[in-house]
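Peer 1: sequence and predicted model, in that order:
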Protein chains: 2
Amino acid sequence: MAMRRGEWTGPTAFKVPGYVQCNLVVLAESEAYDFLLYCQRNPKACPLIEVTDCGVPEPRLSAPGADLRTDLPRYAVFRNGVRGEDVSDIRALWREDSVGFLIGSSLTFDDALERAGVPKSEEVWVLNTDLPTTSSGRFKGSLVVTMRWMTPSQAIIATQLTSRYASNHGAPIHVGDPTDIGAELKQPIVGDPVSEIPKGIMPVFWACGVTPQQTALLAKPELMVTHAPGHGFITDLRADQFCIP
Amino acid sequence: MAMRRGEWTGPTAFKVPGYVQCNLVVLAESEAYDFLLYCQRNPKACPLIEVTDCGVPEPRLSAPGADLRTDLPRYAVFRNGVRGEDVSDIRALWREDSVGFLIGSSLTFDDALERAGVPKSEEVWVLNTDLPTTSSGRFKGSLVVTMRWMTPSQAIIATQLTSRYASNHGAPIHVGDPTDIGAELKQPIVGDPVSEIPKGIMPVFWACGVTPQQTALLAKPELMVTHAPGHGFITDLRADQFCIP
């Protein structure tokens, strides 16, 4: 409700712990089949939690009564592949042919990692890679990842634990050397540039729900609205139920 | 190759153990979006392994070089919701607008259950239930389940183990009394009618890939081709990788 009323416009990390958080993509119905298939072909980056019926902004299955037009704290707006200014309400952009895609987020398991004794990451980076995703129609592009810093023993616990959160990116896609996957620590999408990885630290990488935003740059849909990175949608689903639904 | 040549037209249980087996649904492109969304909304019954590009009978991602028109041992053919005679080859039915959906199958984990010390089921029943699935467009209907008989301790092992096979129906949807889910043991879809459950036996129920065939009876697509129950498509994917792809 605080987000709906515009009273909370900040990031959603550690907000309402224990519930599934989602990334959002809104596209026109004419693009929906290709994008739905893109998600099916890239389940680690785009694990689907719910797809709304055409024109219906309520996620009836994962958060009955919610409104995807108002209930995220911040939205990114892409027109023909170009990102404009962020907004905190998309009622004016929602159309009769809009379809909302809710995609599981690693924000869902941050709380679970802490419960398992892996300390809260001081910073979570979002990085581009040179790993291709599997295309569907016009949707294609490189995989975007989140990076967390851990000790090797924490990395093992995190791999065990996040494997159970398959609907929220699941197990890591890589551990160790960022150059193996073409990730440039000096040029993160989100986070402070890093010049050196501290000794004893192992970077751990998960597929990230910002990946669809990269596809927008190439597919150039007339209008694509997404969450702003780090600013997710919080569902009524329990994260610890593991399997959605 | 034996299936392609028509030399093996029998069931695929325990054939090529260790590889992911799939159920098949073939529909026209005009039905594909609604059915893709039906699968997304019912992931326990319809966990998607791959959706082919329109008109392409090769499952390029899960079995490069295979042909969905010839490489299953037996197919069921539904015209306007009525099942006709089974065939062993669908080259004459495949069209330019055909889309193939490969759906994970519990045949994938039968071998893993045996490795874990759960003896091979002498019989696997397929049963209708009164549990509704979540609809998408015209696709709707009740959940179809498989039933295996186990001791309670085997049922616990089976729950632990199959939870890891989320792309192949995952954990059971029910254990114990069949009437809780409206399953009529005297009227199975596949298997011998059962009048009494032996003492010490606990029926364990998994969502089943025959579920989409039930939707055909209601949605009545002009043409829908599926695998014949128990006669799956064997991919090149390793079952023990757990996450597809």
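Peer 2: The structure has been received and is ready for your questions. Numbers count the residues shown, from 1 in each chain, chains lettered A, B, ... in the order given.
Peer 1: alpha carbons only for contacts and neighbour counts from here, please
Peer 2: Will do.
Peer 1: OK, contacts around whichever residue of chain A sits closest to chain B?
Peer 2: At 5.6 Å from chain B, A:Tyr33 is the closest residue in chain A, using Cα to the nearest Cα. By Cα atoms under 8 Å, 6 or more residues apart in numbering or on different chains, the contact list for A:Tyr33 reads B:Tyr33.
Peer 1: element containing it?
Peer 2: Using DSSP states H and E, A:Tyr33 falls within helix A:29-41.
Peer 1: can you check A:Thr146 too?
Peer 2: Per DSSP H and E: strand A:142-150 holds A:Thr146.
Peer 1: which residue of chain A sits farthest from its center?
Peer 2: Of all residues in chain A, A:Lys199 has its C-alpha farthest from the mean position, at 29.1 Å, by Cα atoms, centre = their mean.
Peer 1: contact partners for that one?
Peer 2: No contacts exist for A:Lys199 under Cα under 8 Å, 6+ apart.
Peer 1: how about A:Ile156, secondary structure?
Peer 2: Of the three states, A:Ile156 takes helix according to DSSP: H, G, I helix; E, B strand; the rest coil.
Peer 1: tell me the secondary structure at A:Leu102.
Peer 2: Under three-state DSSP, A:Leu102 falls in the strand class.
Peer 1: surely the residue farthest from the centre of chain A is in a strand?
Peer 2: No: read with three-state DSSP, A:Lys199 is coil and lies in no strand.
Peer 1: from A:Phe78, how far out is the residue positioned nearest the centre of chain A?
Peer 2: Note on chain A: the residue nearest the mean C-alpha position is A:Gly209, at 2.6 Å, using Cα atoms, centre = their mean. As for A:Gly209, its distance to A:Phe78 is 16 Å (criterion: Cα to Cα, to the nearest Å).
Peer 1: now A:Val190
Peer 2: 18 Å.
Peer 1: neighbour count for these two, which is higher?
Peer 2: A:Phe78 (21 against 15; other Cα atoms under 10 Å in any protein chain shown).
Peer 1: nearest spatial neighbour of the more buried one, chain-adjacent residues omitted?
Peer 2: Leaving out its chain neighbours, the residue that sits closest to A:Phe78 by Cα to Cα, 6 or more residues apart in numbering or on different chains is A:Met224, at 5.1 Å.
Peer 1: so who does the one you found touch?
Peer 2: A:Val25, A:Val26, A:Leu27, A:Ala28, A:Val77, A:Phe78, A:Arg79, A:Ala216.
Peer 1: need phi/psi at the fifth one.
Peer 2: When read as degrees, to the nearest 10, the backbone of A:Val77 gives phi -120, psi 120.
Peer 1: how about the one 5 residues further on?
Peer 2: Geometry field for A:Val82 lists phi and psi as phi -110, psi 130, criterion degrees, to the nearest 10.
Peer 1: next, count neighbours for the closest residue to it other than its chain neighbours.
Peer 2: Nearest non-adjacent residue to A:Val82, counting by Cα to Cα, 6+ apart: A:Leu217, 6.7 Å away. By other Cα under 10 Å, 18 other residues sit near A:Leu217.
Peer 1: can you tell me the element A:Leu217 falls in?
Peer 2: Counting by DSSP H and E, the element that carries A:Leu217 is helix A:211-219.
Peer 1: what pairs with the helix or strand just after that helix, parallel or antiparallel?
Peer 2: Proceeding C-terminally, helix A:211-219 gives way to strand A:223-227 as the next helix or strand, assigned by DSSP H and E. The strands beside strand A:223-227 in its sheet (DSSP bridges) come out as strand A:19-28 (antiparallel), strand A:75-79 (antiparallel).
Peer 1: return the most buried member of these.
Peer 2: Of all the strands paired with strand A:223-227, strand A:19-28 has the most neighbours on average by mean count of other Cα atoms under 10 Å in any protein chain shown, namely a mean of 26.
Peer 1: in contact with A:Gln150, which residues?
Peer 2: Careful, residue A:150 is Met; it's not Gln. Counting by Cα under 8 Å, 6+ apart, A:Met150 makes contact with A:Ile201, A:Met202, A:Pro203, A:Val204.
Peer 1: at 10 Å instead, please
Peer 2: When contacts are counted by Cα atoms under 10 Å, 6 or more residues apart in numbering or on different chains, A:Met150 touches A:Val118, A:Pro119, A:Lys120, A:Ser121, A:Ile156, A:Ala158, A:Val175, A:Gly200, A:Ile201, A:Met202, A:Pro203, A:Val204.
Peer 1: next: A:Arg4.
Peer 2: Contacts of A:Arg4 were listed using Cα under 10 Å, 6+ apart, and they are A:Ala66, A:Asp67, A:Leu68, A:Arg69, A:Thr70, A:Asp71, A:Leu72, A:Pro73, A:Ser88, A:Asp89.
Peer 1: quick one: residues contacting A:Val25.
Peer 2: Counted by Cα under 10 Å, 6+ apart, A:Val25 has contacts A:35, A:51, A:75-77, A:99-103, A:209-210, A:212-213, A:224-227.
Peer 1: repeat that with 6 Å
Peer 2: A:Val25 is in contact with A:Gly100, A:Phe101, A:Val225, A:Thr226, counting by Cα atoms under 6 Å, 6 or more residues apart in numbering or on different chains.
Peer 1: what number of residues are in the vicinity of the nearest residue to A:Gly137 once chain neighbours are set aside?
Peer 2: Leaving out its chain neighbours, the residue that sits closest to A:Gly137 by Cα to Cα, 6+ apart is A:Asp34, at 5.5 Å. Here the number of neighbours of A:Asp34 (other Cα under 10 Å) works out to 17.
Peer 1: try A:Met1
Peer 2: 11.
Peer 1: and for A:Ile189?
Peer 2: Neighbours of A:Ile189 (other Cα under 10 Å): 18.
Peer 1: contacting residues for it?
Peer 2: Contacts of A:Ile189 by Cα under 6 Å, 6+ apart are A:Val126, A:Leu127.
Peer 1: any idea how far A:Pro47 is from it?
Peer 2: A:Ile189 sits 21 Å away from A:Pro47, going by Cα to Cα.
Peer 1: just A:Arg148 next, same as before
Peer 2: From A:Arg148 over to A:Pro47 (counting by Cα to Cα), the distance is 20 Å.
Peer 1: A:Ser136 now?
Peer 2: Taking Cα to Cα, one finds A:Ser136 at 15 Å from A:Pro47.
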